[in-house]
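>>> Need coordinates for the below:
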Amino acid sequence: MNSIDSGGCISNQGKTLLQFSNTMFDSCQSGMFGGAIYSLGINVTDQLIIKNSRSKIGGGIFVCNEVCWVGGGLDKINYFNNTATISSQQYFKCTSQPYNSWVGCNLFELDSIYELNQQLMNTPYYQAQKKVKVNFNGTTPQIYFSEIFLFKIIIIRLKVEYRCPEKQFPQLCSVREFSEDQFIGNLYNYIHKDYQSYFYNYEIPNINYPYVLTSYNQAFDCQLDIGWNFIFIINLFQAKNAVINSRKGCFYPTSICEKGMQKWINQQQQAECKYCDIGSCSESIEDDCEICNTDKFDKCYAKDSYLKNYFWRPQNSKFNDIYFCQLNQQSCQGEQRSGYGNDLCSEGYIGAQCLTCDIMDSFGMDSNMGRKGISNVRSAVLSITTILLFTYHYQQFFSYSSSQQQAVLKE
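Modelled structure (predicted):
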């Protein structure tokens with residue numbers, strides 16, 4: 001039997017305590033938690049066999065049990081050949097949340113926070129990582145701070161991390177990277193219903209790790225005396241609101257635009273910082289986004305611009321201060337097309353429009369590029385110098401020998 005959600009053979013979303021005696025589950029499969037059984041609590045009075053079952057977490061069973069329900073008999077369960085693509089091959093049993101007096105099921109932990117810029121897909125700014133700080137305030141849950149822009153969608157990336165019940169000694173099970181068959185995605189459907197209004201319900205393409213989506217709200221504002229709110233609150237067992245996996249935190253909002261941004265007025269007539277779209281660029285805080293000339297630029301976005309080959313620009317130049325290398329185009333093919341000055345030069349060349357041979361390795365002093373080409377140039381110069389010196393001394397010797405022979409003949 002298969003289930004696209006949780007509990008391939010039995011999914012107990014209610015408050016009922018399941019009783020098992022001389023029972024066997026074989027070849028059950030679920031799309032998320034508990035290959036055979038997903039339940040708030042179970043009680044096994046006699047043997048329970050779970051085999052050949054599969055899920056992402058808890059290959060055989062996913063259960064809260066003693067943490068949130070009076071149940072027992074888990075030691076009477078026999079597991080055979082169950083599989084979990086992420087963690088807990090045989091079973092997952094909830095462990096209490098750290099720093100929280102609430103009854104909880106600790107499974108997800110904060111990994112990192114990103115700002116989502118959908119107009120900049122396939123660029124480094126599509127998911128721009130934000131700074132995160134962690135505080136430990138007595139028995140209060142961990143507090144996370146991050147400076148975010150108003151009106152931006154924030155990805156709160158999570159990882160699977162909990163105290164492993166399957167291990168003989170207490171230790172953390174932790175999974176941060178997720179393949180396609182480990183896909184979890186947006187946990188919106190598991191967010192506590194009282195808090196869903198703070199989060200967004202859509203999937204971001206090509207993201208397999210677990211996450212929730214939110215944005216600035218006064219409830220998350222560190223500067224307001226409201227108190228810290230839940231930056232994520234996952235209700236793994238919907239039937240019992242007190243059983244949660246949560247962390248509290250707040251954000252520091254900012255409206256100061258960075259390099260590569262400009263202010264614009266949104267539909268709510270509010271000033272918003274926005275990155276320059278693909279095809280435009282701003283290289284200083286004071287400048288607005290400018291459209292890039294496609295004859296000179298391969299690509300540009302935000303604060304990044306990439307020149308085509310055969311073009312050169314000096315250090316600290318203005319956006320449009322660009323020169324075509326007319327005299328020696330082959331010298332203007334450096335790999336650092338987003339750079340300036342010598343970065344744009346081919347190996348062994350420096351200077352304005354890359355016209356100077358760098359025999360003194362001055363370019364190599366400023367960059368790791370070009371050392372091989374520079375060494376070749378220097379070697380060639382040394383070889384030529386050696387040949388010239390040898391030729392000169394040979395000529396001098398030959399002239400001296402000839403004069404000596406003529407003197408002898410005269411005598």
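>>> just for the stretch 151-300 of the chain, where's the confidence low?
For the stretch 151-300 of the chain, residues meeting the criterion pLDDT under 70 lie at 165-170, 225-228, 238-242.
>>> Run through the bridge partners of the nearest residue to Tyr202 once chain neighbours are set aside.
Among residues not flanking Tyr202 along the chain, Asn186 sits closest, at 6.9 Å (CB to CB, 6 or more residues apart in numbering). All C-beta atoms are positioned from the backbone trio N, CA, C, and that covers glycine. Counting by DSSP bridges, Asn186 forms beta bridges with Tyr211.
>>> what's the burial count for Asn186?
As a burial measure, Asn186 scores 19 neighbours (other CB atoms under 10 Å).
>>> separation between it and Lys274?
24 Å (CB to CB, to the nearest Å).
>>> With Asn12 instead?
47 Å.
>>> next one: Gln47
On the measure of CB to CB, Gln47 and Lys274 end up 62 Å apart.
>>> Looking at those two, which one has more neighbours?
Shown here are Gln47 and Lys274; by other CB under 10 Å, Lys274 has more neighbours (19 against 14).
>>> Would you check the distance separating the host helix or strand of that one from the middle of the chain?
Following DSSP states H and E, one finds Lys274 within strand 271-275. Remark: strand 271-275 is offset 23 Å from the chain centroid, using CA atoms, centre = their mean, to the nearest Å.
>>> and the next element down the chain from it?
Proceeding N to C from strand 271-275, the next assigned helix or strand is strand 280-281, under DSSP H and E.
>>> How about the backbone phi and psi for Leu120?
phi -110, psi 40 (degrees, to the nearest 10).
>>> Is it in contact with Asp277, as I believe?
Yes. Taking contacts as CB atoms under 8 Å, Leu120 lies within contact range of Asp277: 7.4 Å.
>>> Pull up the overlap in contacts between those two.
Common neighbours of Leu120 and Asp277 are listed as Tyr301 (criterion: CB atoms under 8 Å, 6 or more residues apart in numbering).
>>> Who has more neighbours out of these two?
Just comparing Leu120 and Asp277: by other CB under 10 Å the higher neighbour count belongs to Leu120, 18 against 15.
>>> How much space separates the more buried one from Ile42?
The value you get for Leu120 to Ile42, if CB to CB is used, is 48 Å.
>>> picking up where we left off before, which strands and helices sit next to the strand holding Lys274?
strand 261-265 (3 or more CB pairs under 8 Å, 6 or more residues apart in numbering; DSSP states H and E).
>>> Return the list of strands paired to the strand it packs on, each annotated with direction.
Checking strand 261-265 against DSSP bridges gives partners strand 271-275 (antiparallel).
>>> For the partner strand, list every residue counted as buried.
Residues of strand 271-275 classed as buried: Glu272, Cys273, Lys274, Tyr275 (neighbour count, 16 or more other CB atoms under 10 Å).
>>> what sits against Lys56?
Gly31, Met32, Phe33, Ala84, Thr85, Ile86, Gln182, Ile184.
>>> let's see 10 Å
Residues near Lys56 by CB atoms under 10 Å, 6 or more residues apart in numbering: 6, 30-35, 62, 83-88, 160, 178, 181-184.
>>> follow-up on the earlier one: export the buried residues of strand 271-275 to CSV and append columns for distance to Leu18.
Below are the buried residues of strand 271-275 laid out as CSV (distance: CB to CB, whole Å):
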residue, distance to Leu18
Glu272, 51
Cys273, 53
Lys274, 52
Tyr275, 52
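>>> just those residues now: which is nearest Lys193?
Nearest to Lys193 among the buried residues of strand 271-275: Glu272, at 30.1 Å, using CB to CB.
>>> Hmm, Pro253 and the closest one touching each other?
No. With contacts defined as CB atoms under 10 Å, Glu272 does not count as touching Pro253, sitting 11.8 Å away.
>>> Find the residues that touch each one of these two.
Phe149, Leu150, Phe151, Lys152.
>>> So which of those residues is surrounded by the most neighbours?
Phe149 (24 neighbours).
>>> Does that residue touch Lys274 like I think?
Yes. Counting by CB under 10 Å, Lys274 is a contact partner of Phe149 at 8.8 Å.
>>> any common contacting residues for the two?
Common neighbours of Phe149 and Lys274 (CB under 10 Å, 6+ apart) are Asn117, Cys257, Met261.
>>> so the second one touches Tyr275, yeah?
Yes. The pair Cys257 and Tyr275 qualifies as a contact (CB under 10 Å) at a distance of 9.3 Å.
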